[in-house]
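# Predicted model, plus sequence, below.
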Amino acid sequence: MNIDKKICDDLVANDVSFVTTVPCKQLAGVIEEIDARDEIFHIPSNKEDEGMGLCAGAFMGGKRPAIIMQNTAIGVTINTLATLIQYYRMPLPMLISYRGELREPVACQVEMAVHTKALLAEMKIPTYHFHHQSDVAEFDAILKYTFMCNKPVAILTDANFWGGYGDQ
Amino acid sequence: MIRSEILKEIAPIIRDQLVVCNIGLPSQELHMIDDQPTNFYMLGTMGLSSSIGFGLALAQDKTVISIDGDGSVLTNLGTLPTIANNVTDNYILLIIDNGSYGSTGDQPTYAGKKTSLTAVAKACGCENVIEVQDKDLGPVLQDAIDSKKMTVIVCKCDSGNIKLPVITMDPVVIRDRFMKAVAK
C-alpha cells in the first residue's frame, strides 16, 4: 500500500482543499503527493502557529483545512490551539510526524516525544496513533470525525508507520 | 494621530470589506467605533491577524483587510515571506505601526527603533509596500482596495490608547456571524 497516496486520497475525498505544511523527513512523500494534487492548495508555513492561522482563515472562507507538521510543533502551538482553534471552535486535522519514537536515530527528538501525548491529553485533543501501515485505514473516519465535531484532532504517525529512516 | 483615531477615520472605508482585526485594544476599538458582521475580532493569539486574514483571502474572492500592529508582526515575522510568495490580489495587510506594544502599556517595539517593517516586507518579496503617515492613510487604503493588487501598508502613527471595555461577545458567535457575512 502507498500510504502517501492513501492519505491524499482521503483528504480529497473529504473535501480538504487547503493544506499547510512545515516539513519533516518522514513527511516528504506525503507533501510531494499533496503538491501533485490539483484538488489541494498547498501553502508551506514558516512556523506551525502561522500555519494554524492560515487554516483558521481558510476555514472561515469556506474551505476545509489541514495542517501537516512534526510533533515538536505541539510545543509551539499550544496557545494557538487553545485561543484560536478551540476557543472559536474550528475543525483542524493535524497530521503529525511523531518523531522520537521507536526506530528514531536522533536522541533530541525523544525529548519532545515523551511530552507529546501528555500535552495533547492536557489540551483534550482527540489523538490517534498510527504505528502500523494498516492503521491508515482509519484516516478517512478521523477526517469525518474532525469536521463533525469542529475540534483540532491529532494523528500521530511514527517511524514504524512510515517504514523507518532508510539507511540510518 | 493614535490608533483609535485612525480606526475612526478609516471605519467608513473598511465597513463593507472583510476585516480581521488584531488582538487587544485594536479589536476593542474597532468593535466600539463600528461593529460589523464583516469584522472578525481576535480575542487571543497575538501575531496571527495577518495569517488568518491571508488564509481567508486565499480561500475566497472577497477583499480581506488584516489590521495588524508592529508588535504583532514582529511576533510572527515569518508571515511576510508566506504572503510575498503566495500572492492573492484580494488581500491587504494594514500594519498600524505606532512603535509600541499598545495593549500591554506602550512598551517600545524594535519597529519604533532601528527596524523598518516597510524594508522587511520588501526584503521578504512583497511587491506593493507603502509606508504612509497616519493622516494620509485614508486615500492610500481606498486606492489599495480599488487597485485589486495585494498591498502591504505600514501606517506610522503615535502610540497611545483610549479607555474602553473588553469585547464580551462569545468567540463562536463572532466566528459564526463573520462566516455568514463571508458567505453572503
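Good, I have the coordinates.
# Restricting to C-alpha, output the host helix or strand of A:Ser17 in PDB.
For A:Ser17, the element it lies in under DSSP states H and E is strand A:16-21. What follows is strand A:16-21 as a C-alpha-only set of coordinates in PDB (Å, rounded to 0.1, in the frame of the first residue of the first chain):
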ATOM      1  CA  VAL A  16      -9.900  19.000   2.300                       C
ATOM      2  CA  SER A  17      -8.600  21.500  -0.200                       C
ATOM      3  CA  PHE A  18      -6.300  23.800   1.900                       C
ATOM      4  CA  VAL A  19      -3.200  22.200   3.400                       C
ATOM      5  CA  THR A  20      -0.300  23.900   5.100                       C
ATOM      6  CA  THR A  21       2.900  22.100   6.000                       C
END
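# Just confirm yes or no for that strand near chain B.
Yes. Judged by CB under 8 Å from any CB of the partner chain, strand A:16-21 and chain B are in contact via A:Phe18. In short, each C-beta sits where N, CA and C put it, glycine included.
# Now the element after that strand, going C-ward?
The first helix or strand that comes after strand A:16-21 along the chain, using DSSP H and E, is helix A:28-35.
# any idea how far that next one is from the chain center?
On the basis of CA atoms, centre = their mean, to the nearest Å, helix A:28-35 is displaced by 13 Å from the centre of the chain it belongs to.
# what's the burial count for residue 78?
This is for chain A. By the measure other CB atoms under 10 Å in any protein chain shown, the count of residues near A:Ile78 is 15.
# look at chain B instead
Using other CB under 10 Å, B:Gly78 has 17 other residues around it.
# For it, give me the backbone phi and psi.
The phi/psi pair for B:Gly78 (degrees, to the nearest 10) reads phi -60, psi -20.
# check contacts around it.
A:45-47, A:50 (CB atoms under 8 Å, 6 or more residues apart in numbering or on different chains).
# I'd like the residues you listed as a markdown table, with neighbour count appended.
Formatted as a markdown table, the entries for the contacts of B:Gly78 read as follows, by neighbours: other CB atoms under 10 Å in any protein chain shown:
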| residue | neighbour count |
| --- | --- |
| A:Ser45 | 25 |
| A:Asn46 | 16 |
| A:Lys47 | 21 |
| A:Glu50 | 27 |
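# so which of the residues you listed comes closest to chain B?
The closest of the contacts of B:Gly78 to chain B turns out to be A:Asn46 (CB to the nearest CB; 3.0 Å).
# residues in contact with the spatially most central residue of chain B?
Most central in chain B under CA atoms, centre = their mean is B:Ile67, positioned 0.9 Å from the mean C-alpha point. Taking CB under 8 Å, 6+ apart, we find B:Ile67 in contact with B:7, B:19-22, B:26, B:30, B:49, B:94, B:96.
# Kindly report the same for B:Ile145.
When contacts are counted by CB under 8 Å, 6+ apart, B:Ile145 touches B:13, B:17, B:63, B:65, B:92.
# What about these, which one has the most neighbours?
Of all the contacts of B:Ile145, the highest neighbour tally under other CB under 10 Å goes to B:Ile65, namely 27 neighbours.
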